[in-house]
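*Asks:* Okay, here's the prediction I keep looking at, along with the sequence it came from:
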Amino acid sequence: MKKQGLQLDRVVLLGRTCDEYTRYFGLEMEQWRGKKILDVASGVGSFRAEAAALGHDVTAADRIYDISPEELAPRCAADLDHIIDSVRDLNVYRWDNFYGTPERLRGLRERAYKTFLQDYREQRERYVRVELPRLPFRDGEFDLTLLSYLLFVYENQLSYDFHLQSIRELMRVTRGEARIYPTVTFEAEPSKYLAKLGEDLIEFSVEVINTDFEFLRNSNNFLRITRC
Ligand SMILES: C[S@@+](CC[C@H](N)C(=O)[O-])C[C@H]1O[C@@H](n2cnc3c(N)ncnc32)[C@H](O)[C@@H]1O
């Protein structure tokens with residue numbers, strides 16, 4: 001049977017929780033205490049809000065952060081309805097590994113965007129408007145940079161050059177390491193850009209690190225990029 005993935009004609013406003021981030025990025029949060037963390041394309045996810053509540057120093061960066069919380073709220077709700085209706089019958093998702101049911105998935109996504117909206121209202125200065133492939137941060141400003149659910153999954157909409165330039169820019173502002181998740185497309189196929197990126201990013205060490213978290217099939221790994 002051919003794998004059938006989500007058909008999206010634009011990048012959606014869907015947010016994940018801190019728990020999901022730590023699982024799919026293989027993060028030991030205590031290791032990053034006292035360090036500066038950047039979450040790029042952080043969208044309406046609650047990683048910043050939840051990690052900050054635990055005392056971590058997290059900056060969120062996304063191109064939507066010039067939009068008011070009042071305008072974002074209905075868009076989060078509409079995108080969530082659309083995605084939950086769409087993923088129910090697709091064969092590229094594993095429900096047994098973590099989420100169980102579409103209803104539980106909806107609950108987590110709803111909690112994520114509501115937690116985000118509250119933090120976004122209260123800590124607006126920690127949410128920076130950016131437009132990849134450029135970032136308005138100093139060289140080496142962050143110890144750890146994360147990016148989830150923008151590169152690779154949307155490879156049918158985002159060019160190879162966009163990927164290459166974005167990863168170089170993530171690494172420019174990072175003194176430690178960058179992690180990118182997932183490394184597959186919405187069809188659960190390994191991104192066709194991966195091999196060439198490995199060849200072109202010769203100034204960095206690019207490794208695929210396995211985890212035990214898998215919802216989108218074959219997404220039980222993340223890309224870890226460090227300086228050679
Ligand atoms: C599917 S959401 C992922 C949110 C979060 N990282 C997560 O996994 O829950 C993708 C995000 O990428 C953002 N985005 C798309 N293109 C971008 C660009 N060129 N620069 C910065 N952010 C971008 C969108 O605004 C959206 O919030």
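*Replies:* Received, thanks.
*Asks:* mind listing what's buried in the worst-scoring helix or strand of the chain on mean pLDDT?
*Replies:* Using mean pLDDT, DSSP states H and E, the weakest-scoring helix or strand in the chain turns out to be helix 69-87, at a mean of 93. Neighbour-count burial for helix 69-87, with 16 or more other C-beta atoms under 10 Å as criterion, is recorded at 69, 72, 76, 79-80, 83-84, 87. (Glycine included, C-beta is placed from N, CA and C.)
*Asks:* With stretch 118-138 instead?
*Replies:* In stretch 118-138, counting by 16+ other C-beta under 10 Å, buried: 119-120, 126-128, 130, 132-133, 135, 137.
*Asks:* so which of the residues you listed are also by the ligand?
*Replies:* Among those, the ones lying near the ligand by C-beta under 6 Å from any ligand atom are 130, 132.
*Asks:* could I get the buried residues of stretch 118-138 as TSV with pLDDT and secondary structure?
*Replies:* As requested, those are exported to TSV (pLDDT from 0 to 100; DSSP: H, G, I helix; E, B strand; the rest coil):
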residue	pLDDT	secondary structure
D119	98	helix
Y120	98	helix
R126	98	helix
Y127	98	strand
V128	98	strand
V130	98	coil
L132	98	coil
P133	98	coil
L135	98	coil
F137	98	coil
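*Asks:* just to revisit the earlier point, whether the least confident helix or strand of the chain contacts the ligand - can you check?
*Replies:* No - on the criterion C-beta under 6 Å from any ligand atom, helix 69-87 is out of touch with the ligand, staying 8.6 Å away.
*Asks:* got a list of what the closest residue to the ligand within the chain touches?
*Replies:* Closest residue of the chain to the ligand, C-beta to the nearest ligand atom: G43 (2.5 Å). Residues near G43 by C-beta atoms under 8 Å, 6 or more residues apart in numbering: 13-15, 62, 64, 116, 149.
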